[in-house]
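Participant: need a 3D model of the sequence below.
(4 chains)
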There are 2 protein chains.
Amino acid sequence: MARTAGSDAATTGPRIRAAAQRLFARHGYAAVSMRQIAAEVGVQAGALYNYTPDKQSLLFEMMRAHLEELLASWEAEDEGADPRAALRAFCHFHIRFHLARPEAVFIAYMELRNLEPGNFEVIEGLRKRYETALEDILRAGKAEGVFTLVDTKLAALAVIAMLTGVTTWYREEGRLSRERVAEIYWDMVRRAVGA
Amino acid sequence: MARTAGSDAATTGPRIRAAAQRLFARHGYAAVSMRQIAAEVGVQAGALYNYTPDKQSLLFEMMRAHLEELLASWEAEDEGADPRAALRAFCHFHIRFHLARPEAVFIAYMELRNLEPGNFEVIEGLRKRYETALEDILRAGKAEGVFTLVDTKLAALAVIAMLTGVTTWYREEGRLSRERVAEIYWDMVRRAVGA
DNA sequence: GTCTATACTAAGATAGAC
DNA sequence: GTCTATCTTAGTATAGAC
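Facilitator: Residues are numbered from 1 along each chain as shown, chains lettered A, B, ... in the order given. Okay, here's the model as predicted:
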């Protein structure tokens, strides 16, 4: 018998990507073997190569999909309203989006150095576009006089670092809901930028 | 000839630790081999085992040394002054200390998952002690009414995430000095906590 | 599309000579 | 204290059968 009972080509691809994401997030890209991924899916290692040319592509495509979804989601949500409302929306969006996919977020931040140079450039470009979206809000608010900012660029970096930090400690069973955490962080961001 | 010209037991140990730190920071613990470390030092792989029982100990001791130095340095610097002065000192200290040792910082944040369980507990305990140091300052300031904080714990986590973020983008050749960056961040932190 | 089998490379760690 | 040589295990990726 050449096929395992229940195997199904239509679902194997997604299952491989899901298993790779789970394992990369938990143990790190370099520490995970193709054999481990295959075992999680329930196939032999060789079968993975029907779905990906190599291990590197598995990482790269996963990171690209994540960042493209991040950008598209924010662009869909951004109403270009006044800077204060836009910044509040950004804070809530960023925390909500990141807490909803902890594995993809973790990988996007931790595995940059395991990307081959060409792939790194692509991912870095996407990340910068997101940074710029926040910077644009801050710059507009500064220009309108509703934010008090010493340095717009640094403020954007500081806000993103602060908000992303939530993913390192937030637990579903904890004392605060996601919504409550977002409100508390928005309050700190609001004051940090003088709004 | 069993010895390479210039080999010297008194310096090999430190050189191994330095090479391991440089390589772990650049490529990640899992991606670095004992042979690579040995090559950097200029010895054969087997010789490393005169200085470390295994690869894991190399990582663990490096992280422990880093965090113990972080704690000791802050404890030496903390004057227990009024909360506002203490928070300002903390911001400057944190940025100065972290920017001075980017490799150790990077490893301390990225390689937690590559620690064996027992080692992880030790490192996590040290990290928590540092977090608590900041929390104590914030709590004191809140009690005295000089800080306005919705949630002391979250504020501590937010401040550390924000300050540590500097290490991901700061470049020596950039437009701002370390001192200037620390001042700008302190200004944002100060406002975020309502001081 | 998946299997088994395997080519090839490299990993961590140890033994014994010098 | 370091070397060379080696044990054992495991990695990525491919070939050919079914």
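
Participant: now for A:A108, how many residues are close by?
Facilitator: For A:A108, the count of nearby residues is 21 (other CB atoms under 10 Å in any protein chain shown). C-betas here are computed from N, CA, C, even on glycine.

Participant: also A:Y51?
Facilitator: A:Y51: 17 surrounding residues under other CB under 10 Å.

Participant: got the confidence number for the residue nearest to A:H92 when sequence neighbours are not counted?
Facilitator: Once flanking residues are discounted, A:H92 sits nearest to A:A182: 4.7 Å by CB to CB, 6 or more residues apart in numbering or on different chains. We have a pLDDT of 98 for A:A182.

Participant: for A:A182, which residues are in contact?
Facilitator: A:C91, A:H92, A:I95, A:R96 (CB atoms under 8 Å, 6 or more residues apart in numbering or on different chains).

Participant: now swap in A:R15 and tell me
Facilitator: A:R15 sits next to A:V41 when contact means CB under 8 Å, 6+ apart.

Participant: give me phi/psi at it?
Facilitator: phi -70, psi -30 (degrees, to the nearest 10).

Participant: same check on A:R175?
Facilitator: For A:R175, the backbone dihedrals are phi -80, psi -10 (criterion: degrees, to the nearest 10).

Participant: give me the number of residues near it?
Facilitator: 9.

Participant: can you give me the distance of it to B:K153?
Facilitator: According to CB to CB, to the nearest Å, A:R175 stands 9 Å off from B:K153.

Participant: pull out the buried positions in stretch A:121-141.
Facilitator: If you call a residue buried by 16 or more other CB atoms under 10 Å in any protein chain shown, then stretch A:121-141 has these buried ones: A:123, A:126-127, A:130-131, A:133-141.

Participant: likewise stretch A:160-170?
Facilitator: For stretch A:160-170, burial by neighbour count (16+ other CB under 10 Å) applies to A:I160, A:A161, A:M162, A:L163, A:T164, A:G165, A:V166, A:T167, A:Y170.

Participant: that one vs chain B: in contact?
Facilitator: Yes: applying CB under 8 Å from any CB of the partner chain, one finds stretch A:160-170 touching chain B at A:I160, A:A161, A:M162, A:T164, A:G165, A:V166, A:T168, A:W169.

Participant: helix or strand: which one has the nearest residue to A:E116 once chain neighbours are set aside?
Facilitator: What sits nearest to A:E116 in space, not counting adjacent residues and going by CB to CB, 6+ apart, is A:Q56, at 5.9 Å. Element membership of A:Q56, judged by DSSP states H and E, is helix A:55-77.

Participant: what is that helix packed up against?
Facilitator: In this structure, helix A:55-77 makes packing contacts with helix A:9-27, helix A:83-100, helix A:102-110, helix A:117-144, judged by 3 or more CB pairs under 8 Å, 6 or more residues apart in numbering or on different chains; DSSP states H and E.

Participant: hmm, the first one touching DNA strand D?
Facilitator: In other words, helix A:9-27. No: using CB under 7 Å from any atom of the strand, helix A:9-27 stays clear of DNA strand D, coming no nearer than 10.2 Å.

Participant: now that helix against helix A:102-110, angle please.
Facilitator: 60 degrees (axes from the mean of the first three to the mean of the last three CA atoms, to 10 degrees).

Participant: chain center to helix A:9-27, what's the gap?
Facilitator: How far helix A:9-27 lies from its chain's middle: 17 Å, per CA atoms, centre = their mean, to the nearest Å.

Participant: helix or strand right after that helix?
Facilitator: Scanning forward in sequence from helix A:9-27 by DSSP H and E, the next helix or strand is helix A:34-41.

Participant: tell me what that next one is packed against?
Facilitator: helix A:9-27.

Participant: ok, A:V122 to DNA strand D distance?
Facilitator: 19 Å (CB to the nearest atom of the strand, to the nearest Å).

Participant: find the nearest non-adjacent residue to that residue, please.
Facilitator: Nearest residue to A:V122, sequence neighbours excluded (CB to CB, 6+ apart): A:R64, at 6.5 Å.

Participant: get me the contact residues on chain A for chain B.
Facilitator: Residues of chain A lying near chain B by CB under 8 Å from any CB: A:26-28, A:30-31, A:110, A:113-114, A:150-151, A:154-155, A:157-162, A:164-166, A:168-169, A:176, A:181, A:184-185, A:187-189, A:191-194.

Participant: hmm, try it at 7 Å
Facilitator: Residues of chain A found near chain B (CB under 7 Å from any CB of the partner chain) are A:27-28, A:30-31, A:110, A:113-114, A:150-151, A:154-155, A:157-158, A:161-162, A:165, A:169, A:184-185, A:187-188, A:191-192, A:194.

Participant: low-scoring stretches of chain A, by residue?
Facilitator: A:1-9 (pLDDT under 70).

Participant: please parse it into its domains.
Facilitator: Split into domains by automatic domain parsing, chain A comes to A:8-52, A:54-192.

Participant: now the buried members of the residues of chain A next to chain B.
Facilitator: Using 16+ other CB under 10 Å, the buried ones in the residues of chain A next to chain B are A:28, A:30-31, A:110, A:114, A:151, A:154-155, A:157-158, A:161-162, A:165, A:184-185, A:187-188, A:191-192, A:194.

Participant: mind checking how far whatever residue of chain A ends up closest to DNA strand D is from B:D82?
Facilitator: Using CB to the nearest atom of the strand, the single residue of chain A nearest to DNA strand D is A:G46, 2.8 Å away. A:G46 sits 66 Å away from B:D82, going by CB to CB.

Participant: and these two? Which one has more around it.
Facilitator: Shown here are A:G46 and B:D82; by other CB under 10 Å, B:D82 has more neighbours (13 against 10).

Participant: over to that one: give its phi and psi.
Facilitator: The phi/psi pair for B:D82 (degrees, to the nearest 10) is phi -70, psi 150.

Participant: just A:A158 next, same as before
Facilitator: Per-residue torsions, A:A158: phi -70, psi -40 (degrees, to the nearest 10).
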